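**Student:** structure for this input, please:
(one chain, ligands or ions: 1)
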Amino acid sequence: MVGFAASISTLFSSLPMGLPIDLLPRAAVAYVHYLSFMVCFGALVLERRLIQPNPGRKDAITMVITDVVYGLAALALLGSGILRVLYFGQGSEFYTENPLFWWKVGAYLSVGALSLYPTVTYILWAIPLRKGELPQVSEALAKRLGWILNIELLGFALIPLMAVLMARGVGLPA
Ligand code: HEM
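**Tutor:** Okay, the predicted model is just below:
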């Protein structure tokens, strides 16, 4: 009986091979961070591929849905990032004392601010689409949206570079 209790307590205090139990939530939050990053990037690539003057109904609806998925994934990215800073990382000061961390947050917020323009545009598309009409997208608007998406993609490619450096303490004051 004592042996059983001991093995139960061992089961719940550590994973097989003696790994600490708090590894699971840490790994789960890190996984959500990576997954949401990939979904954001994938959504932006799809939007970039689909943007064109006067899109057809199918493409326009796909753009609207893709942007909703992008928005949700961006929130999950932010939420999991905050959780990692506060509870599942290397201690909040490890990050907040590093200027690279603030550059990363700044880059994320800038990309987020930039994506407001496409998002508002797609929301407005929902009005004609609901009436069974097609959104009017001029050549100039399609080009502008294409450029904004290019810059967002560049931002999303650079943020992981800041992340990997930050995670290894690069930028921390000596
Ligand atoms: C405000 C938003 C964000 C916050 C607060 C945040 C926070 C964090 C934290 C605390 C870590 C853990 C670092 C460590 O292991 O010590 C991390 C890792 C990482 N983040 Fe973020 N993050 C944010 C946004 C992003 C974005 C937008 C991306 C991608 C575009 C991203 C990509 C990564 C990657 C790739 C890692 C892994 C780095 C490594 O372990 O080598 N993060 N982030």
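**Student:** which helices and strands does the strand or helix carrying residue 65 pack with?
**Tutor:** Taking DSSP states H and E as the definition, residue 65 sits inside helix 57-83. Packing contacts for helix 57-83, counted by 3 or more CB pairs under 8 Å, 6 or more residues apart in numbering; DSSP states H and E, involve helix 23-50, helix 99-114, helix 116-130. For every residue, glycine as well, the C-beta is placed using N, CA and C.
**Student:** elements contacting whichever strand or helix holds residue 141?
**Tutor:** Under the criterion of DSSP H and E, residue 141 resides in helix 139-167. Helix 139-167 sits against helix 23-50, helix 99-114, helix 116-130, with contacts defined as 3+ CB pairs under 8 Å, 6+ apart.
**Student:** tell me the pLDDT of the residue in the chain that the ligand sits nearest to.
**Tutor:** Going by CB to the nearest ligand atom, the ligand is nearest to residue 81 of the chain, at 2.4 Å. At residue 81, the pLDDT value in this model is 98.
**Student:** spatially nearest residue to it, not counting backbone neighbours?
**Tutor:** residue 33 (6.2 Å; CB to CB, 6 or more residues apart in numbering).
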